[in-house]
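> Have a look at this fold, sequence not included:
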Ligand code: FNR
């Protein structure tokens, strides 16, 4: 069995984040071929290109964590019809200095949950635009707009609705197939 490393970024910094619950569920439901690890970003300062000559330690560690994994999964809320500022800041760090973009040719996927009926759809489109510019091959389908209802996913990542659980399991199975396909033609560090 060939395994692939996946770093996941949770767009929310909130302690009770429903997207963190979703991420925990996705880790549980991922096929054994995907080795999942969180890449945190809450300690990053606000990016400026003034740092490009000498990244601070937190930014070097974050950038290395992105570079070290074979694929990236974004699990993000929608804030004001876009992605949270902290997540955009993190992506900006990893994309720089110019010519050292950690996302280039690295496969990614986007998913998110919100109590609203469109389940982060607008934020996901905004993120897809950013990832396109960052030259990350993205899984186009399936899309996953998860409307969060109270208790849908427990704090431990147990999905309480059978249909949602099956959908999320299939989403991760498709992500595995996508990652394997991309890496077969664009091997990491090639
Ligand atoms: C929101 N929320 C929200 N929801 C949505 O579906 N579309 C939106 O544009 C927004 N905008 C928004 C802005 C800000 C600043 C906050 C704090 C919240 C509600 C949001 O979906 C809800 O708070 C979720 O719990 C956020 O996910 P996390 O942070 O709990 O993972």
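Nice, I can see it. In this text the structure is predicted, and so the values were computed from the model without any measurement.
> Just list what the helix ranked longest in the chain packs against, helices and strands only.
Counting residues, the longest helix found in the chain (DSSP state H) is helix 162-185. The contact analysis (3 or more CB pairs under 8 Å, 6 or more residues apart in numbering; DSSP states H and E) places helix 162-185 against strand 4-10, helix 18-29, strand 34-38, strand 71-75, strand 108-114. (Glycine included, C-beta is placed from N, CA and C.)
> Sheet partners, orientation included, of the fourth one?
So the one you mean is strand 71-75. With DSSP bridges as the test, strand 71-75 is paired with strand 4-10 (parallel), strand 108-114 (parallel).
> One more: the third one?
As defined by DSSP bridges, the strand partners of strand 34-38 come to strand 4-10 (parallel).
> residues in the chain within reach of the ligand, list them.
For the chain, the contact set with the ligand under CB under 6 Å from any ligand atom comprises 12, 14, 17-19, 77-81, 114-116.
> re the thing from before, which one of the helices and strands packed on helix 162-185 is the most hemmed in?
Across those, averaging neighbours per residue (mean count of other CB atoms under 10 Å) puts strand 71-75 on top, at a mean of 27.
> per-residue confidence averaged over that strand?
On average, the pLDDT along strand 71-75 is 98.
> The next helix or strand after that strand - contacts with which helices or strands?
The element immediately downstream of strand 71-75 (helix or strand, assigned by DSSP states H and E) is helix 85-94. In terms of contacts (3+ CB pairs under 8 Å, 6+ apart), helix 85-94 is packed against helix 57-68, helix 121-133.
> To which secondary structure element type does the residue of the chain most remote from its centre belong?
What lies farthest from the middle of the chain is residue 53; by CA atoms, centre = their mean that is 27.1 Å. With DSSP: H, G, I helix; E, B strand; the rest coil as the basis, residue 53 sits in coil.
> what pLDDT does it get?
pLDDT, residue 53: 96.
> For the nearest residue to residue 31 once chain neighbours are set aside, list the residues it contacts.
What sits nearest to residue 31 in space, not counting adjacent residues and going by CB to CB, 6 or more residues apart in numbering, is residue 176, at 5.0 Å. By CB atoms under 8 Å, 6 or more residues apart in numbering, residue 176 lies in contact with 4, 30-31, 33-34.
> Beta-bridge partners for the spatially most central residue of the chain, please?
In the chain, the C-alpha nearest the mean C-alpha coordinate belongs to residue 74, at 1.5 Å (CA atoms, centre = their mean). Counting by DSSP bridges, residue 74 is bridged to residue 9, residue 110.
> Now for it: which residues touch it?
Applying CB under 8 Å, 6+ apart, we find residue 74 in contact with 8-9, 11, 87, 108-112, 127, 131.
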